[in-house]
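1. structure for this input, please:
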Amino acid sequence: EYGNPLRTAQIAYPRITASGGGGLDPIELPVTRNLAEQENLIITHTETKFINEADNPEFYRLSVPYYSKTYEVAGMPYTEKLTKEKFINKFEVLQEMPYYQAILPSYEIKKLVSIQKNYFYTDDLQTKLPLGQIAAHGLPYQSMQAAFTDDQLNLTFGTNFYTQYQNIIDNMSGYIVEDDEINSGQYWWKPSPRQKFDPEKFFLPVENIDQFDNITQIAYDEYCMFPVTVTDSLENVVTAQNDYRVLQPYRITDINNNISEVVFDTRGMVIKSILQGKNGEGDTLQNPTEEYDYDLFNFINNNKPNYSFVKKYINHYVGVPILTENESLPSPLERSQGGSIPPYIEEYDDFMPSYIYTSGLGQTVMTKVLAHPEYIYGQGYLQGVRWIGTGRTVLNNKGKPVKQYEPYFSATYEYESEPEIVKTGVTPILH
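-> Next up is the predicted model:
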């Protein structure tokens, strides 16, 4: 409909093995051990409905989804590749199984696993429109996800469960029990939080209302660009101060009046961050909690991933103590280790450094963190600095991890790609 898919099917065929598993002809492949899930045909089928008013000259929205339901299909034969026509003809005659019943491999059935419906505000933003209708502004009112059926709850808690506890359920559970306007049957719906919009503030959300009618209020700056205060139903307030040059908040005060602040460079990247208590105690911009530096040309200059360098200071700034003539201030490592300091390089004496290397897609490919020096019994600490590097993460074609190798010690903070280094130890295999 107007280029939008009304029905989609995702099909995962069984894995082909040397013995011809999956109902297809045997082929010459090495013998492999399949998991039980890999030997089954797995199909999900989704139906979606859209709002379109092609005959209304004042309607300027195209294909707004308002209802969808998804089925799991089981038991369908797979001796050959399924075509669209074959699947649709077979799907229409399949018996529908209740959601709470287990699927048996020998049954050819379809099971409804999810229903979602979306409601939209009326023109005056006071209430919701009937399902399948939308106003000119197109602002969402609420989404609802089917959670239970009466039969499912009666089977678990006994017959007439809703009738016995209707007052408690309607007023305290957060669920909405009502019929589905499109799919026959009564469901227990899990409603999403809803928002209230202010037309005088360019239709920005000014209230968030959860399933139990608790209200969180949002106040904006004079330009209606950024929120400056957020007040929850218990009157806890979070405030923000914004940097209009980089269009981001730079100072946030939480509900306990603790402060988090950052400093941006000319590129809008964070170079310092500080934490302060409610009375101003803690770090300052001159003595920050963390500092950041970036090399965005490492790939161009050295053919290695770009990285960020993080200096996380070991102690929060508390001011300079008053010392007598014969006293000296111990180093942070001496304070943290009871006076025993290993032979670190002096530049790493008061902070913990780390290097974070990223790929061109913004994914972290390696992290190097300063490690404690190696200690040999009877000899003490060995000289030199060593680092802990994260092992290689292998991703599949969907960008999901399938292997994660173990961390390892390294003598350098530089990025390393040699398989004998980054693929050490054992790794779990993620399916």
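2. okay, now the sheet partners of the helix or strand where residue 47 lies, with direction.
-> Residue 47 belongs to strand 42-51 when assigned by DSSP states H and E. As defined by DSSP bridges, the strand partners of strand 42-51 come to strand 7-12 (antiparallel), strand 64-74 (antiparallel).
3. which one is residue 201 nearest to, not counting chain neighbours?
-> In space, and not counting its chain neighbours, residue 201 is closest to residue 224: 4.8 Å by CB to CB, 6 or more residues apart in numbering. From N, CA and C alone the C-beta is placed, and that goes for glycine too.
4. circling back: of all the strands paired with strand 42-51, which one comes closest to residue 158?
-> Nearest to residue 158 among the strands paired with strand 42-51 is strand 64-74 (27.7 Å), distances taken as CB to CB.
5. please enumerate residues in contact with that closest one?
-> Strand 64-74 is contacted from outside by 4, 9, 40, 43-52, 91, 94, 96, 103, 105, 107-120, 131-132, 134, 138, 182-183, using CB atoms under 8 Å, 6 or more residues apart in numbering.
6. do the same with stretch 84-103
-> Counting by CB under 8 Å, 6+ apart, 7, 9, 11, 43, 45, 71-76, 107-113, 149, 151-152, 155 sit against stretch 84-103.
7. so where do the helices sit in the chain?
-> Ranges of helices within the chain are 84-93, 150-157, 161-164, 166-168, 298-302, 332-336, 419-422, based on DSSP state H.
8. mean pLDDT added to these, as CSV?
-> As requested, the helices of the chain are exported to CSV (pLDDT from 0 to 100):
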stretch, mean pLDDT
helix 84-93, 86
helix 150-157, 83
helix 161-164, 80
helix 166-168, 80
helix 298-302, 92
helix 332-336, 38
helix 419-422, 77
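9. let's have those in TSV, adding distance to residue 403.
-> Formatted as TSV, these follow (distance: least, CB to CB, whole Å):
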stretch	distance to residue 403
helix 84-93	34
helix 150-157	39
helix 161-164	47
helix 166-168	49
helix 298-302	24
helix 332-336	36
helix 419-422	11
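10. just send the ones you listed back as CSV, with distance to residue 253 and mean neighbour count too.
-> Shown next, in CSV, are the helices of the chain (distance: least, CB to CB, whole Å; neighbours: other CB atoms under 10 Å):
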stretch, distance to residue 253, mean neighbour count
helix 84-93, 56, 12
helix 150-157, 45, 15
helix 161-164, 45, 14
helix 166-168, 39, 10
helix 298-302, 36, 13
helix 332-336, 28, 14
helix 419-422, 42, 13
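11. which one of those lies nearest to residue 288?
-> helix 332-336 (14.5 Å).
12. enumerate every residue touching the closest residue to residue 67 other than its chain neighbours.
-> Nearest residue to residue 67, sequence neighbours excluded (CB to CB, 6+ apart): residue 49, at 4.2 Å. Contacts for residue 49 (CB under 8 Å, 6+ apart) come out as 6, 65, 66, 67, 68, 132, 182.
13. wait, what's in contact with the residue nearest to residue 201?
-> Contacts of residue 224 by CB under 8 Å, 6+ apart are 201, 202, 204.
14. quick one: the last one and residue 221 touch, right?
-> Right, residue 204. No: using CB atoms under 8 Å, residue 204 makes no contact with residue 221, being 11.0 Å away.
15. returning to what we had before: quick one: mean pLDDT for the strand holding residue 47?
-> What strand 42-51 shows for mean pLDDT is 93.
16. next, the buried residues of it.
-> Within strand 42-51, the residues that qualify as buried are 43, 45, 46, 47, 48, 49, 50, 51, counting by 16 or more other CB atoms under 10 Å.
17. residue 290: which of those residues is nearest?
-> Closest to residue 290, out of all of these and judged by CB to CB, is residue 46, at 44.8 Å.
18. partners of the closest one in the sheet?
-> Here residue 46, judged by DSSP bridges, has bridge partners residue 8, residue 70.
19. what sits against residue 396?
-> Going by CB under 8 Å, 6+ apart, residue 396 touches residue 402.
20. for the protein, give me the ranges with low pLDDT.
-> Scanning the chain for pLDDT under 70 picks out 1, 16-37, 79, 105-106, 317-349, 375-383, 431.
21. one more pass at 50, please.
-> Within the chain, the segments meeting pLDDT under 50 span 18-31, 320-324, 327-345.
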